[in-house]
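1. Kindly return the folded structure for what I paste below:
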Amino acid sequence: MRILVCRTDRIGDFVLSLPFIYELRRNIPSARIDTLISPPLDKLVPFCPEIDGFIIYDKERLKGSYRHMLSFAQEIKERGYDVAVALNPNLRLHILLWLSGISRRMGWAVRGGRFFLTQTIAHTKPLGLMHESRYNLLFLELLGLPSPRRKIYPKLVLPQELVKKAFPQISVGIHPHASCPSKMWPLDRFTELSKRLLKRGFGLVFLGGRKARENAEQIIKELPRKYRDQIKNRAGLNLDQSLFVIASCDVLVSNDSGPVHIASALDVPSVVIFGRNDPGLSPVRWKPLHPNSVVLHEARCEVCLAHRCKRGFACLKAITVDDVERELDNVLIHIKLREM
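-> Prediction:
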């Protein structure tokens with residue numbers, strides 16, 4: 001059997017799809033399992049042993065013309081997949097799978113999408129009834145496979161000989177960026193937290209993609225120079241390089257963003273700051289899956305306007321530096337107990 005698992009959105013979404021792929025491999029060990037993914041997610045595939053290969057989904061190219069869509073569909077068709085599972089609800093993706101001629105096409109019943117799929121699941125993700133990883137596992141039933149009762153965690157496998165600890169002392173990763181302003185704790189709070197942690201003797205590793213580098217540099221500029229040996233700025237690296245940076249940390253402090261899910265998959269706990277009061281965007285659906293991770297969430301509005309917030313992101317500002325430092329200490333206690 002040849003299976004194409006499609007996840008064409010963001011980093012965290014892909015990582016939370018890995019439990020579904022694990023269960024596919026466990027139940028159908030002889031299957032060829034490929035993924036249809038957007039860049040830079042292809043950088044993660046070498047660290048996912050259950051995945052055999054990938055196809056790059058170029059969103060911009062497909063927006064260009066139907067000719068490109070038809071050409072890409074033909075490329076997929078020639079690979080001879082028996083089943084396609086669209087884990088993210090996307091009408092253009094559904095059309096692409098229909099054009100590719102894959103006989104079994106599964107996905108979420110988004111408006112207009114039912115026609116292009118052969119099997120669908122009611123699209124309840126916006127209700128935030130369960131974790132994103134559990135939503136993905138619902139497709140096992142459509143495939144006639146048992147749904148696992150145990151908790152399944154995403155896992156990325158790095159060559160251990162290449163994983164080096166960032167500092168001899170406790171290393172705290174700092175990710176001060178996110179995809180939306182409604183998810184970003186104020187930079188001055190990250191700066192104050194960093195100062196406190198440096199005074200306590202911790203090593204700080206700033207990380208994230210290219211867009212995170214500017215925030216990291218702004219914070220570091222405000223930190224006392226006497227602590228420069230306790231600071232490493234690794235923000236701006238490629239995704240595959242960032243995996244090793246996250247793995248070098250003992251714990252991560254971050255906004256609600258992809259690196260927290262990567263950290264969980266690398267067995268690194270997180271303290272995660274959530275904003276917004278929308279069930280589909282809540283920690284119920286998007287919290288990190290590491291058992292020792294902690295979420296801070298102060299919902300303040302009955303109707304959340306997200307990035308159009310008219311209250312200055314009061315939910316994020318309600319989370320203090322004291323709150324984050326306290327929860328970080330609780331996570332570190334769990335780490336020490338596990339090492340005993």
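2. give me the number of residues near the closest residue to residue 113 other than its chain neighbours?
-> Distance criterion Cβ to Cβ, 6 or more residues apart in numbering; nearest residue to residue 113, sequence neighbours excluded, is residue 94 at 4.5 Å. Every C-beta, even on glycine, is put in place using the N, C-alpha and C of the backbone. A count of nearby residues for residue 94, using other Cβ atoms under 10 Å, gives 24.
3. In contact with residue 94, which residues?
-> 86, 105, 107, 110, 113, 116-117 (Cβ atoms under 8 Å, 6 or more residues apart in numbering).
4. and the least confident of those?
-> Within the set of the contacts of residue 94, pLDDT is lowest for residue 113 (77).
5. Is that one in contact with residue 107, as I believe?
-> Yes. Taking Cβ atoms under 8 Å as the definition, residue 113 is a contact partner of residue 107 at 6.5 Å.
6. Identify the contacts common to these two.
-> With Cβ under 8 Å, 6+ apart as the test, residue 113 and residue 107 both reach 89, 94, 120.
7. Output the residues you listed in TSV; the columns should cover pLDDT.
-> Output for these, formatted as TSV (pLDDT from 0 to 100):
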residue	pLDDT
89	92
94	94
120	95
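8. The residue of the chain positioned farthest from its centre and residue 144: what is the separation?
-> Distance from the C-alpha centroid of the chain peaks at residue 226, with 34.6 Å (Cα atoms, centre = their mean). For residue 226, the distance to residue 144 equals 63 Å [Cβ to Cβ, to the nearest Å].
9. Tell me if I'm right that residue 47 and residue 159 touch.
-> No. When contacts are counted by Cβ under 8 Å, residue 47 is not listed as touching residue 159 (9.1 Å).
10. Counting neighbours, go ahead and name the busier of those two.
-> Higher neighbour count among residue 47 and residue 159: residue 47, with 17 against 8, using other Cβ under 10 Å.
11. Could you count how many residues lie near the spatially closest residue to the more buried one that is not a sequence neighbour?
-> Using Cβ to Cβ, 6+ apart and skipping residues adjacent in sequence, the residue nearest residue 47 is residue 156, 4.4 Å away. By other Cβ under 10 Å, 21 other residues sit near residue 156.
12. Could you check how far residue 156 is from residue 102?
-> 28 Å.
13. just residue 324 next, same as before
-> Residue 324 sits 46 Å away from residue 102, going by Cβ to Cβ.
14. can you check residue 71 too?
-> Between residue 71 and residue 102 the distance, using Cβ to Cβ, works out to 16 Å.
15. At which residues are the strands of the stretch 51-200 of the chain located?
-> 53-56, 83-86, 104-108, 119-121, 171-175 (DSSP state E, counting those that start in this stretch).
16. residues contacting residue 287?
-> Residue 287 makes contact with 131, 272, 293, 295 under the criterion Cβ under 8 Å, 6+ apart.
17. now swap in residue 332 and tell me
-> 170, 250-251.
18. gap between the two ends of stretch 59-70?
-> With Cα to Cα, to the nearest Å as the measure, the first residue of stretch 59-70 is 14 Å from its last.
19. Give me the contacts around that stretch.
-> Stretch 59-70 has contacts (Cβ under 8 Å, 6+ apart) with 8, 38, 72, 92, 95-96, 99.
20. ok, of those residues, which come out buried?
-> Neighbour counting by 16 or more other Cβ atoms under 10 Å classes 8, 38, 72, 95-96, 99 among the contacts of stretch 59-70 as buried.
21. State the mean pLDDT of stretch 319-332.
-> For stretch 319-332, the per-residue pLDDT averages 96.
22. Any buried residues in it, and which?
-> If you call a residue buried by 16+ other Cβ under 10 Å, then stretch 319-332 has these buried ones: 319, 321, 324-325, 327-328, 331-332.
23. Show me the domain layout of this protein.
-> Split into domains by automatic domain parsing, the chain comes to 2-142, 160-339.
24. Sketch out the low-pLDDT regions of the stretch 51-200 of the chain for me.
-> Along the stretch 51-200 of the chain, the model assigns pLDDT under 70 to residues 64.
25. Please repeat the previous calculation with a cut-off of 80.
-> Judged by pLDDT under 80, the stretch 51-200 of the chain has its weakly predicted residues at 60-65, 112-113.
26. What are the boundaries of the helices in it?
-> Counting by DSSP state H, counting those that start in this stretch, the stretch 51-200 of the chain has helices at residues 59-64, 66-77, 91-99, 132-137, 139-142, 187-199.
27. any chance of those helices in CSV, plus distance to residue 152?
-> Listed next are the helices of the stretch 51-200 of the chain as CSV, based on distance: least, Cβ to Cβ, whole Å:
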stretch, distance to residue 152
helix 59-64, 29
helix 66-77, 28
helix 91-99, 24
helix 132-137, 7
helix 139-142, 11
helix 187-199, 32
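28. among the ones you listed, which is nearest residue 237?
-> Of all the helices of the stretch 51-200 of the chain, helix 187-199 sits nearest to residue 237, with 18.8 Å by Cβ to Cβ.
29. Restricting to C-alpha, output that closest one in PDB.
-> The C-alpha trace of helix 187-199 is given here as PDB (Å, rounded to 0.1, in the frame of the first residue of the first chain):
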ATOM      1  CA  LEU A 187       9.600  41.700  24.600                       C
ATOM      2  CA  ASP A 188      10.200  43.700  27.700                       C
ATOM      3  CA  ARG A 189       8.900  40.800  29.700                       C
ATOM      4  CA  PHE A 190      11.300  38.400  27.900                       C
ATOM      5  CA  THR A 191      14.100  40.900  28.700                       C
ATOM      6  CA  GLU A 192      13.300  41.000  32.400                       C
ATOM      7  CA  LEU A 193      13.000  37.300  32.600                       C
ATOM      8  CA  SER A 194      16.300  36.900  30.900                       C
ATOM      9  CA  LYS A 195      18.000  39.300  33.300                       C
ATOM     10  CA  ARG A 196      16.700  37.300  36.300                       C
ATOM     11  CA  LEU A 197      17.800  33.900  34.800                       C
ATOM     12  CA  LEU A 198      21.300  35.300  34.100                       C
ATOM     13  CA  LYS A 199      21.600  36.500  37.700                       C
END
